[in-house]
Every structure is written in structure tokens, then in C-alpha cells.
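**Q** Sequence and predicted structure are below.
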Amino acid sequence: MTRLNVRFLICVICGLFLLPSEARADLSSSQARKAIRTMVGISLPSDSVRVQQVRSSSTEGAEATAELQLVLRATQHDGRWRLSDVRIAPDRWERLDFIAQAAKLEVAVDNCDAPSESARKADAMDLTTKRARCLVAALFGVTLPSDDVRIKEVSPFGLSVGSSDATGLITALVQLDFRFARDRRGWQVAAMKSGNREWVDLQAISVAVDEMKRSIATNDLSLIAQALDRYRRERGYYVVSDKESVLIDHLSPRYLTPVIRLDPWFRPYEYDGEQTQYSLRSLGPDGKPNTGDDIVVKN
């Protein structure tokens, strides 16, 4: 075999190995679904994401359209229904006002409170499917009528515990666009677009939301620390315990008016107290003890 033929054969063999590798580098529907389900720390059920189309795919970036099944909590206050939270994991919720503020979104929902003409007077302000669809569409910037927002189920709960506000759960199917970037971990969601809104950087929103939560946690811990100081001035010592729940039981309501149990990441605050000293802690965004994002207050 001549040297030329050997070189040609080597090139063909290399090409056979390289072509599948390049193809595998493109974003697949299953990779897109996994990336969406786990974007920015959330954990959606596997059946809650349906990828409808992958487009503009390359080895470095891609776009896709997907339909998400989302569970949102609605609250009625002073006769007005508003979306308050979205479920981001089986046991975790995220406040929508945090997300809207971080993304600099204006959500106009006044027209969603118009009384239903077909309902009886006593039921005119119930959380109906039509009202729920209006609220979800306003959140995502979708102009109705549109198939981009559909309501699968509405579950009114009546009055919430300790409040005069009515609540309900909305299960909605929402069509969204996603941009993906590839890094050493694989494909990750970089940005999201809905309705008539612009693309938003999800990582930037996540960071901004965590900053808001840090501010709230810092304020909570400051309130607890002030209550502890009042407790010690009156009794001569701090609450002795290694449980935050025991601490709050001692402080509330005489020294601490609000009952503070969970930090903004919905995890219990930590307390370690002796008669002469104490330590208060939130585990911060990562939920791990003794890391750099912990929020700590000591006397």
C-alpha cells in the first residue's frame, strides 16, 4: 500500500470516530429536559417538562422550546387574587415577588380581578380556571388568548391558617423558550424567555434572589439576638439549648413578637446557647454548615 493510500485510510478512520463525537455534542431532547428540570438549583419532577423542539443546536450553545407543568400558590387579599409562590421542588417553594423583583418584571394583573359574569354573586371572586389562567399569563407576559398558558387544575383551599386570606393551588402548563450553554458539567440552562418578555439570565436572577434572602435572614437573626439580650438582662443568662425551636419557645412572645422558625431558604435557623454566650446561624444558599455563605450572629 502506497504512503498516499495509508494517509487516506487514516483520515477516513479518524473521520468515522470524529463525526459521531460531534453529533453527540449537539443538545438532545433528553439533555434539554434534564437541564431544565435542574436549572439554578430547582428540582422538578421528570414528567413536568416536555421538550417540544430543539433548534439552533451546536457544540457550544442551543435553544429549545419546552412546556413546563408548574404548581403555583395563589392568595386572595382584600378581594384580589395574586400568585405568591411557585413550587421548585417536592418540598420547596420560591416567592414570586423575589423572582419578579430580581428580574425587574412588572406584573399587571388588575384585569384578572374582574367579577365573573356567569358566576353567582357569592362566588364572583372565586379562584376560577379563567382567573387562574389570567394570573399565570400575566406572570409570564403572555397575551391571551394563547395556548402558551393552559390550566390543568385549580384547588381552592379556603382560608389559610392564622390568616383571613383565602388560598389555592394552580397547576399550569406553560410554554417557555430556553437558551443552553455547554460547560465541563454538560448542558446548562443559561437564559429563559416567555411570552412577550425579553431573555433573562437565570443565574443572575438566582444570585439576586439569594441576596434578598440574605438580607431577610440577617434581619431575622438580628431580631432574635435583640430578644436574647432582653432575655439576659431580665434573667441574667442566655437560653441554654442547642435547638432553635427551644430558643423561640423561650423568647416568644414576651421577648420576641414574631415567631421565627425558618430562614428564607425554608430551613430551620440553628442555635447553640450557653448561659454566657450563644451562636445563631443560617446555613445560607448552599444549605451546608460552616461554609462561606453562612450567616452567623454571636454575642
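**A** Perfect, I can see it now.
**Q** Can you give the contact residues for stretch 290-299?
**A** The contact list for stretch 290-299 (CB atoms under 8 Å, 6 or more residues apart in numbering) reads 214, 217-218, 221-222, 224-225, 228-229, 238, 263, 277-286. C-beta coordinates here come from the backbone N, C-alpha and C atoms, glycine included.
**Q** Emit the PyMOL select command for whichever of those residues are buried.
**A** Here is the PyMOL selection string for the buried members of these, based on 16 or more other CB atoms under 10 Å:
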select buried, resi 214+217+221+224+228+238+263+278+280+281+282+283+284+285
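**Q** Tell me who's in contact with the most centrally placed residue in the chain.
**A** Computing the C-alpha centroid of the chain and ranking residues by CA atoms, centre = their mean puts residue 94 first, at 4.2 Å. By CB under 8 Å, 6+ apart, residue 94 lies in contact with 42, 85, 86, 88, 209.
**Q** What separation do you get for the first one and residue 270?
**A** Distance of residue 42 to residue 270, computed by CB to CB, to the nearest Å: 24 Å.
**Q** How many residues are close by residue 135?
**A** 23 (other CB atoms under 10 Å).
**Q** my read: it touches residue 112, true?
**A** Yes - counting by CB atoms under 8 Å, residue 112 is a contact partner of residue 135 at 5.1 Å.
**Q** Overlap in contacts, those two.
**A** If you check residue 135 and residue 112 against CB under 8 Å, 6+ apart, the residues they both contact are residue 81.
**Q** about what we covered before: just the contacts of stretch 290-299: which are in helices?
**A** Members of the contacts of stretch 290-299 lying in helices (criterion: DSSP state H): 214, 217, 218, 221, 222, 224, 225, 228, 229.
**Q** Send me stretch 143-151 as PDB with only the CA atoms.
**A** Extracted in PDB, the C-alpha atoms of stretch 143-151 (Å, rounded to 0.1, in the frame of the first residue of the first chain):
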ATOM      1  CA  THR A 143     -51.300  37.800  25.900                       C
ATOM      2  CA  LEU A 144     -54.500  35.800  26.000                       C
ATOM      3  CA  PRO A 145     -56.000  34.000  24.200                       C
ATOM      4  CA  SER A 146     -52.900  31.800  23.700                       C
ATOM      5  CA  ASP A 147     -52.000  28.100  24.000                       C
ATOM      6  CA  ASP A 148     -48.800  29.100  25.800                       C
ATOM      7  CA  VAL A 149     -50.700  29.000  29.100                       C
ATOM      8  CA  ARG A 150     -53.200  26.300  30.000                       C
ATOM      9  CA  ILE A 151     -54.700  25.500  33.300                       C
END
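**Q** Could you give me the buried positions within that stretch?
**A** 148, 149, 150, 151.
**Q** How many residues are close by the spatially closest residue to the third one that is not a sequence neighbour?
**A** This means residue 150. What sits nearest to residue 150 in space, not counting adjacent residues and going by CB to CB, 6 or more residues apart in numbering, is residue 173, at 4.5 Å. Applying other CB under 10 Å, we find 17 other residues in the vicinity of residue 173.
**Q** next helix or strand past whatever helix or strand residue 173 lives in?
**A** Using DSSP states H and E, residue 173 sits within strand 166-183. Proceeding N to C from strand 166-183, the next assigned helix or strand is strand 186-193, under DSSP H and E.
**Q** Export only the CA atoms of that next one, formatted as CSV.
**A** Only the C-alpha atoms of strand 186-193 are listed here, as CSV (Å, rounded to 0.1, in the frame of the first residue of the first chain):
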residue,chain,number,x,y,z
GLY,A,186,-22.6,19.3,30.5
TRP,A,187,-25.5,21.3,29.1
GLN,A,188,-26.9,24.0,31.5
VAL,A,189,-29.8,26.4,31.1
ALA,A,190,-28.4,29.9,30.7
ALA,A,191,-31.5,32.0,29.9
MET,A,192,-35.2,31.8,29.6
LYS,A,193,-37.9,33.7,27.6
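**Q** Show residues contacting it.
**A** Under the criterion CB under 8 Å, 6+ apart, residues 27, 31-32, 34-36, 39-40, 61-62, 176-182, 199-203 lie in contact with strand 186-193.
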